[in-house]
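**Student:** Here is a sequence with its predicted model. Questions after.
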Amino acid sequence: MSTLIYCQNALSATPYYIEEAALNVYSLEELSYYILNNVYLLSTKLMSSELCNWIGRELKQQKLANELLGLVQNNAPLHIFVGHILSANGYASAKEIKDTLAIISTFENKSEAERKKLRADRLMANDKLVDAIYEYETILSDNVAKTMPKAVEGDVYHNLGCAFAKLFFFNEAMLCFDEAYKKNQKKQSLYCLLYAARCDRNKAKFEEYINKYLISKEDVDEVLKAVTIVTTKDSITEFDNAVNELISDDEKRQGAIATLDNVISEWKDEYIRLCKI
């Protein structure tokens, strides 16, 4: 962990090793931090007698340890077990605890594949694109994907393609959308396949996909219309005008350079933000 955590409770000389995350924790606060920031990775594996005994022995929290051990022995729901841990120290706010337990209760009875997809989807929604790509590729590369319905696996490929496209990796996006459409047969994936080919300025691929999937003229026109709308946004038009002035008009050159610098700086900052892990 790179974050500084203030611990009010006892620190253990011997850490507890969380195997799923390959992580050592030394306090209830660190355990709480792990739970809050990795909620979609949690499973009933956390509910172990080893963790309960470590809390009692190393952290001198015997009452909490006994409560947790009782929950383990009675096969209590995961969100109840986690709630006891988060409420036993002052690291998490009441709202954070409530929100975390609400999330856990929605997935604790789902399969491993469904939990991993939920986590990856949440990362996508929060623009954590690199992390989302890693999660989606992990789902597709191990045995997790084999337990999914074919259409759901197609949705994973679709979301992976969206993440690649947002980072301008259009060739990788095309491969994902192509695979997505084969599995989920959704028009959204088909459209995104054409969007990616068009954004990549790959006319050959664009025509190849039209012929491969016998896409109607109406659908092609819809895709081209959507691309036109996006590529005529104010920021892009402003950039294009500034480039033309830079080339053709000496008197407007300084103003054009300033405009270009501002637009490029904004795009650069946005791209760096999307690439953060």
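**Tutor:** Noted; the coordinates are in hand.

**Student:** Quickly find the element holding Ala13.
**Tutor:** Assigned by DSSP states H and E, Ala13 belongs to neither a helix nor a strand.

**Student:** Read off the pLDDT value for the nearest residue to it once chain neighbours are set aside.
**Tutor:** Among residues not flanking Ala13 along the chain, Glu58 sits closest, at 7.2 Å (C-beta to C-beta, 6 or more residues apart in numbering). To be clear about C-beta, it is placed using only N, CA and C from the backbone, and glycine gets the same treatment. At Glu58, the pLDDT value in this model is 94.

**Student:** quick one, what contacts Glu58?
**Tutor:** 10, 12-14, 16 (C-beta atoms under 8 Å, 6 or more residues apart in numbering).

**Student:** Out of these, which comes closest to Met148?
**Tutor:** Tyr16 (32.1 Å; C-beta to C-beta).

**Student:** doesn't Leu28 make contact with the closest one?
**Tutor:** No - here Tyr16 lies out of contact with Leu28, judged by C-beta atoms under 8 Å, at a distance of 10.3 Å.

**Student:** Could you chop the chain up by domain?
**Tutor:** 16-107, 112-230, 234-275 (automatic domain parsing).

**Student:** Mean pLDDT lowest where, among those?
**Tutor:** domain 234-275 (a mean of 71).

**Student:** first vs last residue of that one, how far apart are they?
**Tutor:** This stretch, domain 234-275, spans 24 Å end to end (C-alpha to C-alpha, to the nearest Å).

**Student:** And stretch 179-198, by the same measure?
**Tutor:** 18 Å.

**Student:** wait, doesn't Lys116 sit right on Glu137?
**Tutor:** No - using C-beta under 8 Å, Lys116 makes no contact with Glu137, being 11.0 Å away.
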